[in-house]
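Peer 1: This is the structure alone, sequence omitted:
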């Protein structure tokens, strides 16, 4: 995990510029770093890594080659795992940090091996179960659907052993 060194240079990435939910994640990440970071974290750029794994890897690689002072690249979407792969393939464990939304297998591997700082996961079972049950109740009993927060799993190298990727 990054320490509180002065002015740590960070980059954020996401695949789908203009997609509201991901734009909100990025906005929230930047806002939190600015308001809670006490000036220690500097978000230099938000890079578009796309949804193509090869293009995403190339975007991370090109960015890091052009900006080797970057200490962390954190993501707002599933494709954060590409940064984890880049770190592993280039021997940058402990030099370049990453973490972000969604727990793809490469993120879980990085958490297990300690070179991914954190992963934010959702509960896909509940994301599927609750809507089906709400539709059933709407059709059968006229009970209108509601918004349900299925929660967020915050997974770190310290608690990865408590996480079961087969059920998340």
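Peer 2: Thanks, I have the structure now. These numbers come from a predicted model, not from an experiment.
Peer 1: do you know how far the closest residue to residue 64 other than its chain neighbours is from residue 119?
Peer 2: The shortest distance from residue 64 to any non-neighbouring residue, by CB to CB, 6 or more residues apart in numbering, is to residue 70 (6.1 Å). (Glycine included, C-beta is placed from N, CA and C.) Using CB to CB, to the nearest Å, residue 70 is found at 20 Å from residue 119.
Peer 1: Tell me which of these two has more neighbours.
Peer 2: Using other CB atoms under 10 Å, the more surrounded residue of residue 70 and residue 119 is residue 119, with 29 against 18.
Peer 1: Now the more buried one: which helix or strand?
Peer 2: Assigned by DSSP states H and E, residue 119 belongs to strand 118-121.
Peer 1: what is the rounded mean pLDDT of that strand?
Peer 2: Predicted confidence along strand 118-121 averages 91 (mean pLDDT).
Peer 1: and it, what does it pack onto?
Peer 2: Packing contacts for strand 118-121, counted by 3 or more CB pairs under 8 Å, 6 or more residues apart in numbering; DSSP states H and E, involve strand 97-101, helix 105-113, strand 153-155.
Peer 1: Who does residue 119 form a beta bridge with?
Peer 2: residue 100, residue 155 (DSSP bridges).
Peer 1: for residue 47, same thing?
Peer 2: Residues in beta-bridge contact with residue 47 (DSSP bridges): residue 13.
Peer 1: Lowest-scoring secondary structure element of the chain by mean pLDDT?
Peer 2: Lowest on mean pLDDT, DSSP states H and E among the helices and strands of the chain sits strand 8-14, with a mean of 67.
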